[in-house]
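Asks: how would this look folded up:
(one chain, ligands or ions: 2)
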Amino acid sequence: MSTKRTIEECSIVGDCVAQKIKRSGDNASTSSGASTNTDDVARTHLSSVYTMDELQNTFKNALGLGKSVSHECGAALSTIPFPCCVLPKFIDSDTFLENVKNELLDQEFHLKSNDLYKFHQTADLKECSKPHIDALKQLLYEDFRNWLINVTGIPLNQTVDMNSSRYDSTDVLLCHDDKLEGRRIAYILYLVPPWTEADGGCLDLFAVDELKRPDKVVKSLVPSWNTLVFFEVSPVSFHQVAEVLSEDKTRLSVNGWFHGPNIDRPEQYTEPALSLAPYISLDVDVLHDWLNPDYLDMETQLRVRETFESDSEIELPRFFKDEKYQELLTAIQSSELTWERRGPANIRNYESADESSVPEVVRQCLQLFRSDAMFVTLSNLTGLSLHELCPNSDDDSDGGSGRDEEKEKAVKDKTESRPRCFGELRHWQQGSYTMLTDTEAENADFALDAFFFCKCDGWKQEFGGFTSYIAKDEDEELMTVNPEENSLALVYCDKQTLRFIKHVNHKITTKEDGQDFYDIAFMYLE
Ligand SMILES: O=C(O)CCC(=O)C(=O)O
Ligand SMILES: [Fe+2]
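Replies: Ligands and ions are numbered 1, 2, ... in the order given. Just a heads-up that it's a prediction; the model follows:
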């Protein structure tokens, strides 16, 4: 799939306005406010326990044997789900670290927001020359790099990346493995206020399934002041920064990667293509039972088609008759309906209805989306050719010049690749998302996305859950589709179109009509 990329390669979507964060009580006219006392800077060391041979040997042996170990000083190596070391009281001076923090908060933080994350980050700190940050760089690039070489046996080179990251309420970094050329060890030094699990923002580690896909979070590390966490970047080092839930605490860190020689990585799992099915035949009365009659009116269809042809998208409010919509809404929330989680976490996380469990009215609605009547209606509403009865406007562009052979061939091609669709009923709640994927239209020239939304009265964009369309190889967002009650959104996607659904954050719990919403999501191919 085309989603293989790591954080650095991701396009940055949304406003990237540099944001300057001030410490509370800061006077804008003063400099960093941190002590620049060189004695203080000169005293920058690893905590003495980490310089002891005993601790280093204990960790080195445990890593070699693949065993977990913990030291009386609190340092620990755990091997489940993958080897990860936690080094509390990493730097010997809290005052020094306070000064680092203050210098960091004087840096420019840029909003980074896309399918994978939302948080603020500085540029690489190699460009930054503040005394305490400089001293920290030196400590990490030299003393600690040598420490890591000794303990892990990995021949790290001189390249070290170092940024400062800042996560506030609703910020998140979803499941990823950090893999990028040269990166061998990931590290994070936390500069957080007293923090508990209830504040969110844990570093979650995923176990993998038999196909080496991230499966479940099996360990959550609560960030803690002056604690450094590191792990080897590997095909199974899947992790995330869980959404920050605290309204007022900032999860500040210095983080990056130590580089070394590249190692051979096994081929990554690729997903099988979606299985799309041709339309089914359904009594046309069902269409009339469900649809707002306006959308079956030829005049309206023509107007909709003109807008769709010029904008490549349209929203059709009050798509179903009110009483049908109410029936559907009640049925979707029925307790007899069972939901299956759709993963893997590095690609998506939402629930999809198990169709064998859906109430009759939901079953009928899904049938309707798969029916010949709907394929015809969508053709009329969009001008696309989703049914043999509805030739594409391009198809008769030869003005009836009677090129029979070509026409015959076109009919033959059409029957060989009949219009088809794939769709499901999805449930969106806090923590749901999909990462950037292409619209799976590789073998077709286009796909038509159709999203029908339920239970989203009072939904706001700040909750997440909107669909964002991006042009391949470009950073630019083409458009977004926001959930609208009883509304059908239609979007034309060509081969260059990618889409993702923004992480739904905890603010959704404030939505007027409940903490979640649903959509019936279909994709149609010509
Ligand atoms: O901040 C953390 O705990 C992890 C950060 C991380 O995974 C990353 O920046 O790639
Ligand atoms: Fe990471």
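Asks: Name the residues of the protein found near ligand 1, please.
Replies: 7, 165, 173, 178, 188, 203, 239, 241, 253, 255 (CB under 6 Å from any ligand atom). Every residue, glycine included, has its C-beta placed from N, CA and C.
Asks: give me the element the last one is part of.
Replies: I take that to be Asn255. strand 251-259 (DSSP states H and E).
Asks: residues touching the residue nearest to Ile263 when sequence neighbours are not counted, list them.
Replies: Nearest non-adjacent residue to Ile263, counting by CB to CB, 6 or more residues apart in numbering: Arg184, 7.9 Å away. With contact taken as CB atoms under 8 Å, 6 or more residues apart in numbering, Arg184 is in contact with 154, 156, 232-233, 257-261, 263.
Asks: that's a strand at Arg184, yeah?
Replies: Yes. Per DSSP: H, G, I helix; E, B strand; the rest coil, Arg184 lies within a strand segment.
Asks: which residues are contacting the helix or strand that the strand holding Asn255 is followed by?
Replies: Counting by DSSP H and E, the element after strand 251-259 in chain order, helix or strand, is strand 277-278. For strand 277-278, contacts defined as CB under 8 Å, 6+ apart pick out 370, 418-422.
Asks: The residues you listed into a markdown table, with extra columns for pLDDT?
Replies: A markdown table is the format used below for those (pLDDT from 0 to 100):
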| residue | pLDDT |
| --- | --- |
| Arg370 | 98 |
| Arg418 | 83 |
| Pro419 | 92 |
| Arg420 | 93 |
| Cys421 | 95 |
| Phe422 | 95 |
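Asks: Buried ones only from the residues you listed, please, as a PyMOL command.
Replies: Isolation of the buried members of the contacts of strand 277-278 (16 or more other CB atoms under 10 Å) is achieved in PyMOL through the command below:
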select buried, resi 370+418+419+420+421+422
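Asks: So which of the contacts of strand 277-278 belong to helices?
Replies: Residues of those located in helices (DSSP state H): none.
Asks: Now the two most distant members of the contacts of strand 277-278.
Replies: Within those, Arg418 and Phe422 form the most distant pair, 13.6 Å apart (CB to CB).
Asks: Could you pull up the contacting residues of whichever residue of the stretch 151-300 of the chain sits closest to ligand 1?
Replies: Closest residue of the stretch 151-300 of the chain to ligand 1, CB to the nearest ligand atom: Leu203 (3.6 Å). By CB under 8 Å, 6+ apart, Leu203 lies in contact with 188, 220-221, 223, 229, 239-242.
Asks: coming back round to it: most surrounded residue in the contacts of Arg184?
Replies: Phe258 (28 neighbours; other CB atoms under 10 Å).
Asks: so what pLDDT did that residue get?
Replies: On pLDDT, Phe258 comes in at 98.
Asks: Could you pull up phi and psi at Ile332?
Replies: phi -60, psi -30 (degrees, to the nearest 10).
Asks: thought it was touching Val362?
Replies: Yes. Look at Ile332 against Val362 with CB atoms under 8 Å: they come within range, at 6.1 Å.
Asks: pull the CA atoms of stretch 348-362 into PDB?
Replies: Output in PDB follows, covering the C-alpha atoms of stretch 348-362 (Å, rounded to 0.1, in the frame of the first residue of the first chain):
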ATOM      1  CA  ARG A 348      -7.000   2.300  11.000                       C
ATOM      2  CA  ASN A 349      -9.000   2.000  14.200                       C
ATOM      3  CA  TYR A 350     -12.800   2.000  14.100                       C
ATOM      4  CA  GLU A 351     -15.600  -0.400  14.500                       C
ATOM      5  CA  SER A 352     -17.500  -2.000  11.700                       C
ATOM      6  CA  ALA A 353     -20.900  -3.600  12.000                       C
ATOM      7  CA  ASP A 354     -21.000  -7.400  11.700                       C
ATOM      8  CA  GLU A 355     -23.600  -7.600   9.000                       C
ATOM      9  CA  SER A 356     -25.000 -10.900  10.300                       C
ATOM     10  CA  SER A 357     -26.100  -9.100  13.400                       C
ATOM     11  CA  VAL A 358     -27.800  -6.000  11.900                       C
ATOM     12  CA  PRO A 359     -31.500  -5.300  12.400                       C
ATOM     13  CA  GLU A 360     -33.700  -5.600   9.400                       C
ATOM     14  CA  VAL A 361     -33.900  -1.900   8.700                       C
ATOM     15  CA  VAL A 362     -30.100  -1.600   8.700                       C
END
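Asks: Could you shift the numbering so residue one becomes 40, and keep it that way?
Replies: Yep, numbering from 40; the last one is stretch 387-401 now.
Asks: if I pick the nearest residue to Ser410 once chain neighbours are set aside, what's in contact with it?
Replies: For Ser410, ignoring the flanking residues on the chain, the nearest one in space by CB to CB, 6+ apart is Leu321 at 3.6 Å. By CB under 8 Å, 6+ apart, Leu321 lies in contact with 406-407, 409-412.
Asks: quick one: which of the residues you listed is nearest ligand 1?
Replies: Distances from ligand 1 to the contacts of Leu321, taken by CB to the nearest ligand atom, are shortest for Arg409, at 40.7 Å.
Asks: Hmm, that closest one is touching Pro458, no?
Replies: No. Using CB under 8 Å, Arg409 and Pro458 do not qualify as a contacting pair, with a distance of 11.2 Å.
Asks: Identify the contacts common to the two.
Replies: Residues touching both Arg409 and Pro458 comprise Tyr318, with contact defined as CB under 8 Å, 6+ apart.
Asks: Listing request: residues of the stretch 40-189 of the chain with sub-threshold pLDDT.
Replies: Residues of the stretch 40-189 of the chain meeting the criterion pLDDT under 70: 40-82.
Asks: Now render the contacts of strand 316-317 as a markdown table, adding distance to Glu427.
Replies: Listed next are the contacts of strand 316-317 as a markdown table, based on distance: CB to CB, whole Å:
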| residue | distance to Glu427 |
| --- | --- |
| Arg409 | 16 |
| Arg457 | 8 |
| Pro458 | 8 |
| Arg459 | 13 |
| Cys460 | 15 |
| Phe461 | 20 |
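Asks: burial of Ser276, as a residue count?
Replies: Ser276 has 22 neighbouring residues, counting by other CB under 10 Å.
Asks: For it, which three-state class applies?
Replies: On the basis of three-state DSSP, Ser276 is classed as coil.
Asks: Look up how far Tyr531 lies from it.
Replies: 38 Å (CB to CB, to the nearest Å).
Asks: Same check on Leu164?
Replies: The gap separating Leu164 from Tyr531 is 44 Å, by CB to CB.
Asks: Of those two, which one has the most company?
Replies: Leu164 (23 against 20).
Asks: Relative to Tyr508, how far out is that one?
Replies: Applying CB to CB to Leu164 and Tyr508 gives a distance of 34 Å.
Asks: Over to Ser410?
Replies: 27 Å.
Asks: Need the buried ones from the contacts of Leu321 selected in ChimeraX.
Replies: Applying 16+ other CB under 10 Å to those, the buried members can be selected in ChimeraX as follows:
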select :407,409,410,411,412
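Asks: quick one: which of the contacts of Leu321 is nearest Asp512?
Replies: Arg409 (33.4 Å).
Asks: quick one: contacts for the closest one?
Replies: 316, 318-319, 321, 460, 462.
Asks: which residues of the protein fall in helices?
Replies: 77-81, 87-90, 92-104, 133-144, 170-177, 184-191, 323-329, 337-350, 361-371, 399-408, 411-421, 443-455.
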